[in-house]
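Peer 1: this is a predicted model, with the sequence first.
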Amino acid sequence: MTHSSPTQPGKARLIDGKAFAAQLREDISHRVADFKNTHGIAPGLAVILVGSDPASQVYVRNKIRQTQETGMQSFDYQLPAKTPESEVLSLIDQLNQSPDVHGILVQLPLPGHMDEHRITEAILPEKDVDGFHPVNTGRLSIGLPCLTSCTPLGCLMLLKAELGDLSGKEAVIIGRSNMVGKPMAALLLNENCTVTVTHSHTQNLAEHCRRADILVAAVGRPEMVKGHWIKPGATVIDVGINRIETASGESRLVGDVAFNDAKTVAAAMTPVPGGVGPMTIACLLHNTLEAAHRQQSVSTI
Ligand code: GUN
C-alpha cells in the first residue's frame with residue numbers, strides 16, 4: 001500500500017498520512033465486524049479525560065468518534081479537574097475488571113495533583129492501548145510482542161510503506177520523549193536501523209541530521225529543522241504540530257521541519273497537517289483491536 005505522490009526533481013514525494021490512516025481505519029472496521037461475528041461482542045475502548053484542557057477535549061472527541069465509526073464500543077469518562085487521584089485509580093480498577101473493556105486510555109497531560117506514572121501503571125498492561133505501561137515499554141525495548149505507543153507506531157507504518165525493509169538505514173530521531181522519541185528509537189532498532197537519538201543537549205545537531213537516511217523530528221519547535229540539515233534523498237517524518245502566527249496575523253499549523261526548504265532536498269516527507277497526525281488515532285484503534293484479540297485468546301500481555 002503506497003500513499004505518496006510521484007517524485008519530481010528537487011521535490012520530495014509527500015507521504016499522505018491522512019489517506020494511509022483512512023485505509024487503516026477501513027481495514028480495522030472489517031476486522032471489527034469479523035471480531036463481533038466470532039466473539040459475540042465488540043472490542044471496547046474506555047477513554048478518561050480529567051479536566052477541560054481544550055486541546056485534550058478535541059483529541060478525546062475525535063478518539064470517541066473514530067472508535068464508534070469503526071464499530072467498536074466507546075466508554076467515555078469526563079471528570080472534573082479537581083477529581084482526587086484515588087477516584088481515577090478506582091475507575092481504572094473497575095475498567096481493568098470489565099470484560100466489555102479491552103483498552104483503557106487516560107488522556108495526558110493530567111492535572112498537577114496527579115502522578116502520571118502511578119495512573120499509567122494502574123492500567124493492566126494488556127489493556128494499555130497507549131503502550132505507556134513499563135511492561136509494554138520494557139517488552140518493546142527487548143523486542144517482545146507488546147502494545148506500542150501510537151504516534152511512533154504510526155511513523156513506523158508510514159516508513160515501511162515508503163521504504164520497505166529498513167535494515168541498515170541510518171535513523172536519527174530529534175527528541176527523547178517517553179511518548180515518541182524513546183519508543184521510536186526502540187521500534188527502529190527492532191527494524192535493524194542504526195539509531196541516534198538527539199535532544200536538547202546534543203552538540204552539532206545539524207551534523208547528526210545530515211547523516212540520516214531516516215529523520216524523525218519530534219521536538220515541538222516550529223520549523224526548527226532546516227533544509228540544509230537534511231541528507232539529499234532522505235525520508236523525513238515530521239511529528240511536530242505547532243500553531244504559529246503569520247505576518248498577516250493569521251494562525252496556521254507547521255511542523256518541526258521547515259517544509260518548503262526540506263522538500264527540495266528530501267526524497268519523501270510527511271506534510272503538516274495530514275502526515276503523522278491522523279496516524280495516531282488510527283493506531284489507537286489498531287491497538288484496541290489487537291488488545292481485544294489477545295484478551296480473547298488469553299495472552300500474557
Ligand atoms: N496526549 C497527547 N497525546 C496523547 C496520547 O497519544 N495518549 C494519551 N493518553 N495522551 C496524549
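Peer 2: Ah, there it is.
Peer 1: which strand or helix spans the residue of the chain found nearest the ligand?
Peer 2: Here the chain gets closest to the ligand at one residue, residue 108, 3.7 Å apart by CB to the nearest ligand atom. Quick note: C-beta positions are derived from backbone N, CA and C, even for glycine. Secondary structure assigned from DSSP states H and E places residue 108 in neither a helix nor a strand.
Peer 1: what's around it, how many residues?
Peer 2: Residues lying near residue 108 (other CB atoms under 10 Å) number 16.
Peer 1: what's the separation between it and residue 100?
Peer 2: Counting by CB to CB, to the nearest Å, the gap from residue 108 to residue 100 is 24 Å.
Peer 1: what residues does stretch 243-253 touch?
Peer 2: Contacts of stretch 243-253 with the rest of the structure, by CB atoms under 8 Å, 6 or more residues apart in numbering, involve 222, 241-242, 254, 272-273.
Peer 1: just the residues you listed: which are in strands?
Peer 2: 242, 254 (DSSP state E).
Peer 1: the ligand contacts on the stretch 51-200 of the chain?
Peer 2: Contact residues, the stretch 51-200 of the chain versus the ligand (CB under 6 Å from any ligand atom): 105-108, 130, 150.
Peer 1: list the buried residues of the longest helix anywhere in the chain.
Peer 2: The longest helix of the chain (DSSP state H) is helix 17-39. Applying a neighbour-count criterion of 16 or more other CB atoms under 10 Å, one finds 17-18, 20-21, 24-25, 28, 31-32, 35 buried in helix 17-39.
Peer 1: tabulate the contacts of stretch 243-253 (a markdown table), appending distance to the ligand and neighbour count.
Peer 2: A markdown table is the format used below for those (distance: CB to the nearest ligand atom, whole Å; neighbours: other CB atoms under 10 Å):
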| residue | distance to the ligand | neighbour count |
| --- | --- | --- |
| 222 | 18 | 17 |
| 241 | 10 | 18 |
| 242 | 14 | 16 |
| 254 | 18 | 18 |
| 272 | 16 | 23 |
| 273 | 15 | 15 |
